[in-house]
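[1] what's the 3D shape of this:
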Amino acid sequence: MKYFVNVNGRPIEVEIVDRAGRLNVSIGGELVDFSYEEVDKEGQVALVMDERGYAVSVAGKDNDYHVTLAGHAYAVEIEDERERAAHAAERERSKGGGVIKSVMPGVVVELCVAVGDVVEAGQSLLILEAMKMQNEIKAPSEGRVKRIFCKAGEAVSAGAKLFELEALEE
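    Numbering: from 1, shown residues only. Okay, here's the model as predicted:
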């Protein structure tokens with residue numbers, strides 16, 4: 001099964017094939033030696049990849065996860081092939097409208113747009129500071145800023161609504 005994984009906004013393609021009880025895992029087209037074991041029912045996992053061991057903490061549901069590895073936090077979104085096709089059809093129907101949510105907890109450092117602004121795909125909407133790093137939150141598609149749900153200096157949680165975009169009329 002092929003999965004489309006987004007880690008802190010960076011897309012990665014992962015393919016997992018179960019052959020005789022052994023997982024063959026390909027990350028970004030490269031085969032990796034991979035095994036894991038659940039440590040408890042609270043999301044703690046022991047991961048071995050390419051002969052290196054890692055303690056991983058996983059929290060979340062519905063394809064949106066928060067993963068902690070060696071003290072670093074990652075926002076992870078996962079779609080399989082079917083979900084990706086369904087979401088693509090949904091995005092096509094909305095033509096750029098929709099709510100943009102925070103992929104990680106942090107503090108809004110700067111708003112780069114205002115209500116009524118027309119934005120292009122990839123344009124910066126705001127700067128979010130998380131784990132002492134500043135992250136640009138960008139528009140996923142073109143549209144007009146309909147609503148802003150946050151302000152500079154405000155702390156937001158992962159999954160919090162940040163903006164609502166409306167589709168541009170053609």
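[2] Y74 contacts A59, correct?
    No - applying CB atoms under 8 Å as the test, Y74 and A59 come out as separate, 11.2 Å apart. Just so you know, the C-beta spots here come from the backbone N, C-alpha and C atoms, and that holds for glycine as well.
[3] the more surrounded of these two?
    More neighbours surround Y74 than the other of Y74 and A59, with 17 against 12 (other CB atoms under 10 Å).
[4] mind checking how far the residue nearest to that one when sequence neighbours are not counted is from A59?
    Among residues not flanking Y74 along the chain, V67 sits closest, at 4.6 Å (CB to CB, 6 or more residues apart in numbering). Using CB to CB, to the nearest Å, V67 is found at 8 Å from A59.
[5] sorry, back to before: which helix or strand contains the residue nearest to Y74?
    Here V67 sits within strand 64-69, counting by DSSP states H and E.
[6] now that strand: buried residues?
    Within strand 64-69, the residues scored as buried using 16 or more other CB atoms under 10 Å are D64, Y65, H66, V67.
[7] repeat for stretch 40-48
    G43, V45.
[8] sorry, back to before: spit out the contact partners of the residue nearest to Y74.
    Going by CB atoms under 8 Å, 6 or more residues apart in numbering, V67 touches V56, S57, V58, A59, A73, Y74, V76.
[9] which phi and psi does A85 have?
    Dihedral pair for A85: phi -60, psi -40, per degrees, to the nearest 10.
[10] where does it land on pLDDT?
    Per-residue pLDDT puts A85 at 73.
[11] what's the burial count for it?
    The burial count for A85: 11, using other CB under 10 Å.
[12] check the separation of the first and last residues in stretch 61-75.
    Taking CA to CA, to the nearest Å, the first and last residues of stretch 61-75 lie 12 Å apart.
[13] alright, calling it a day.
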